[in-house]
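Trainee: Pasting the sequence and the predicted coordinates here, then a few questions.
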Amino acid sequence: MRAIWNGTVIAESDETVVVEGNHYFPIDAVRPEYLLASPTATTCSWKGQAQYYSIDVEGKVNADAAWYYPEPKAPASKIAGRVAFWRGVRVVP
């Protein structure tokens, strides 16, 4: 699977985990040079607290377009150390 935004591959892996229709990529499959830490956080009742990244490709920023769970709750443990995408980021085979 590949995560693509603004014509650039942000992440690529054959080992994504799908939860609620979202592909979670291993963090080492994500190109860190495109990620900007975001102060945004949300809470999911069964996964825990999510933290966000904005994506910056050639100066164009997609705010809060990636998220991860630093300490997922037990039912969501399989997404630990993984990042998912939305907000126009295409995830394709």
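Mentor: Great, that's in hand.
Trainee: C-alpha only now, for contacts and for neighbours.
Mentor: Noted.
Trainee: contacting residues around the helix or strand A3 falls within?
Mentor: Element membership for A3 (DSSP states H and E) is strand 2-5. Under the criterion CA atoms under 8 Å, 6 or more residues apart in numbering, residues 9-13, 57, 85, 88-93 lie in contact with strand 2-5.
Trainee: Pull the most distant pair out of the residues you listed.
Mentor: Farthest pair in the contacts of strand 2-5 (CA to CA) is V57 and P93. Separation: 21.0 Å.
Trainee: Please identify which of those two sits among more neighbours.
Mentor: Legend: neighbour count by other CA atoms under 10 Å for V57 and P93, higher for V57 (17 against 9).
Trainee: give the contact list for the more buried one.
Mentor: Counting by CA under 8 Å, 6+ apart, V57 touches 5-6, 8, 34.
Trainee: Can I get these in CSV including neighbour count?
Mentor: Below are these laid out as CSV (neighbours: other CA atoms under 10 Å):
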residue, neighbour count
W5, 21
N6, 16
T8, 13
Y34, 18
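Trainee: what's the farthest-apart pair in the residues you listed?
Mentor: Among the contacts of V57, N6 and Y34 lie farthest apart (CA to CA), at 11.1 Å.
Trainee: still on that earlier bit, show me what the strand holding A3 pairs with in its sheet, parallel or antiparallel.
Mentor: Here strand 2-5 has these sheet partners by DSSP bridges: strand 8-12 (antiparallel), strand 90-92 (antiparallel).
Trainee: re earlier: now rank the contacts of strand 2-5 by neighbours and give me the top one.
Mentor: Of all the contacts of strand 2-5, the highest neighbour tally under other CA under 10 Å goes to F85, namely 26 neighbours.
Trainee: quick one: contacts for the residue lying closest to that residue once chain neighbours are set aside?
Mentor: Counting by CA to CA, 6 or more residues apart in numbering, F85 lies nearest to A66, which is 4.3 Å off, once chain neighbours are set aside. Contact analysis of A66 by CA under 8 Å, 6+ apart lists 52-55, 83-86.
Trainee: before we move on, what about R90?
Mentor: Going by CA under 8 Å, 6+ apart, the list of residues near R90 reads 2-5.
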